[in-house]
Structure formats: C-alpha cells, structure tokens
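In: Got a predicted structure here, sequence first:
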Amino acid sequence: ASASSDNSVIIWDADSGVHALTLSGHSDSVYSVSWSPDGTQLASASSDNSVIIWDADSGVHALTLSGHSDYVNSVSWSPDGSQLASASRDNSVIIWDADSGKPNLTLNGHSAPVNSVSWSPDGSQIASASSDNSVIIWDATTGKPALTLSGHSAPVNSVSWSPDGSQLASASGDLFSSDNSIIIWPYPSLPLLSQINCELATRNLSWQEWQEHLPHTPYHQTCEQWAIPPAAIGK
C-alpha cells in the first residue's frame, strides 16, 4: 500500500505490481499507511488531520479517527490489532481503539511536531520521533513517558523498533542540519542503566560514565525521568 500527496492510498499486488484498489476519502495529502497485523484493514494518516481505517479487501471506508488539530504524520497498529497510534504536527500522539475509533489516551511531551510513531513488538511501549530532536518511549497502557532519547541535533523524522524489541533506530536530518544520521539505541539495557545511575547521582550521565558502561553507543543524556531531589538521597 502506498500513500500519496494526491490524497489517495493505492493497494498494489506485490507479485505482479498491478494496481488492485484505490482508496479515496481523505481531503488532503496522505503521509503514512499501516496494515493491521491480520492484514484485513489498512490505516492511513493525512494532512486533513484525520486517520481513516479501510477494509483492505473491498476498499470500503470503515472509520474516521478525528482528534488531532493538525496534520497527522504517522500511524501504526498495535501488535495485537486492538489499537492504533497516530503522530501529529500538533505535538501529540493519540492511542485509539481500533474497533470504536475513539481515543484511549493522548500522549503529550514533545515540544514540536511528532513525525513518526512505532509500537514495540510486545505492545507494551510506543516510541515517537519529533522535530524537537528527540525520541520518547511511552508506556502504552498509562501513556506516561518512560524515557527520552536525546542524541540527534536535528529533527527526528522516523523511529522503528527491531523485531525482537532489543533496539530502536531513529533517523534525523533536514535541509539546514549536518546531522543526517541514524542512531541505533540499545533497549531495554539502556533505560535500566540510566535509571540506576540517575537514582544514585540525581543527574545526567557524564561522557566518562557513558564510555565506561556503553563505549560503542552514541552519548546522550537520559536521566531526567528518574532524577530525585538531593534531599532524598540516603533516605
């Protein structure tokens, strides 16, 4: 399936390359498309501020998800197919019930447009990539931020989990930056290491500490979520 600035989604036969169906329903450019895990439905995200769920066999428009106040840049199904996550230029991520089309949670934490969203393979977490140069990992049940990954010096345009959930990859860059990089982040060893160090030190890891523990990964400061007031040390 492909998403286009002509406001449509096209489903193609992967073997022959033949155009199978055209899905028309958005009133503006379509930026992202995602198949449901069982392959029966398709979700599309558009600059008309909506997500549409389609029947993949018939092309029938099943549901419209309306809740964002600006362009929807990315959409992703949960591994069990019960929910979707959408990322928007309104700086938020919304988790939706896939059956009713109603929002379950709104994730607010980015300070700039959210460009990409990805569910962890086990469905417990969501990663979002933003033009604020960061990736946030969220608890998919509570909607609370678990970790912020800060290593890029330009907008983060895409994020994706490895199939086994042990790593994240994020892609960055724009016309005005020299970043243009991909960072692979180890997970879950990274947040565990950060949590331990931050609870002890109530500050971000230093470069020297980072090199001692993770010498082959990019340095970034990750302790904000777990820092505790100095007065609490030793209690």
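Out: Structure's in. What do you need?

In: I'd like the distance from S177 to S150, if you could.
Out: Remark: distance between S177 and S150 (CB to CB, to the nearest Å) = 15 Å. Just so you know, the C-beta spots here come from the backbone N, C-alpha and C atoms, and that holds for glycine as well.

In: Which helix or strand contains the spatially most central residue of the chain?
Out: Nearest to the geometric centre of the chain sits V117, at 1.8 Å (CA atoms, centre = their mean). In the assignment (DSSP states H and E), V117 maps to strand 114-119.

In: Show me the contact partners of the helix or strand that that strand is followed by.
Out: For strand 114-119, the following helix or strand on the C-terminal side (DSSP H and E) is strand 125-130. With contact meaning CB atoms under 8 Å, 6 or more residues apart in numbering, strand 125-130 is reached by 76, 85, 87, 91, 93, 95, 107, 110-120, 135-140, 146, 155-161, 168, 170-171.

In: And the buried ones among the residues you listed, selectable in ChimeraX?
Out: Command for ChimeraX that selects the buried part of these, burial taken from 16 or more other CB atoms under 10 Å:
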select :76,85,87,91,93,95,107,110,113,114,115,116,117,118,119,120,135,136,137,138,140,146,155,156,157,158,159,160,161,168,170,171
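
In: Tell me if I'm right that the residue nearest to the centre of the chain and V159 touch.
Out: Yes - taking contacts as CB atoms under 8 Å, V117 lies within contact range of V159: 7.5 Å.

In: residues touching the residue nearest to the centre of the chain, list them.
Out: S74, V75, S76, A85, S86, A87, V93, I126, A127, S128, A129, V159.

In: Please name the residues that touch the residue nearest to it when sequence neighbours are not counted.
Out: Spatially, and ignoring its direct neighbours in sequence, V117 is nearest to A87 (4.0 Å; CB to CB, 6 or more residues apart in numbering). Counting by CB under 8 Å, 6+ apart, A87 touches A45, V72, N73, S74, V75, V93, V114, N115, S116, V117, S128, A129.

In: Distance of A87 relative to L65?
Out: 13 Å.

In: do the same with W119
Out: 16 Å.

In: that older thread, which strand residues bridge the residue nearest to V117?
Out: Counting by DSSP bridges, A87 is bridged to S74, V93.

In: circling back to that earlier point, make CSV out of the contacts of V117 and add pLDDT.
Out: CSV is the format used below for those (pLDDT from 0 to 100):
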residue, pLDDT
S74, 97
V75, 97
S76, 97
A85, 98
S86, 98
A87, 98
V93, 98
I126, 97
A127, 96
S128, 97
A129, 96
V159, 93
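
In: Among those residues, find me the one that's closest to W54.
Out: V75 (11.7 Å; CB to CB).

In: Who's the closest spatial neighbour of the closest one, skipping the chain neighbours?
Out: Beyond its immediate neighbours in the sequence, the residue positioned closest to V75 (CB to CB, 6+ apart) is A45, lying 4.0 Å away.

In: what residues does the helix or strand harbouring the one you found touch?
Out: In the assignment (DSSP H and E), A45 maps to strand 41-46. Around strand 41-46, the neighbours that count as contacts under CB under 8 Å, 6+ apart are 1, 3, 7, 9, 11, 23, 26-36, 51-56, 62, 71-75, 77, 84, 86-87, 98.

In: ok, 6 Å please
Out: Outside of strand 41-46, the residues within contact range by CB atoms under 6 Å, 6 or more residues apart in numbering are 1, 3, 9, 26, 28, 30-35, 51-54, 56, 72, 74-75, 84, 86.
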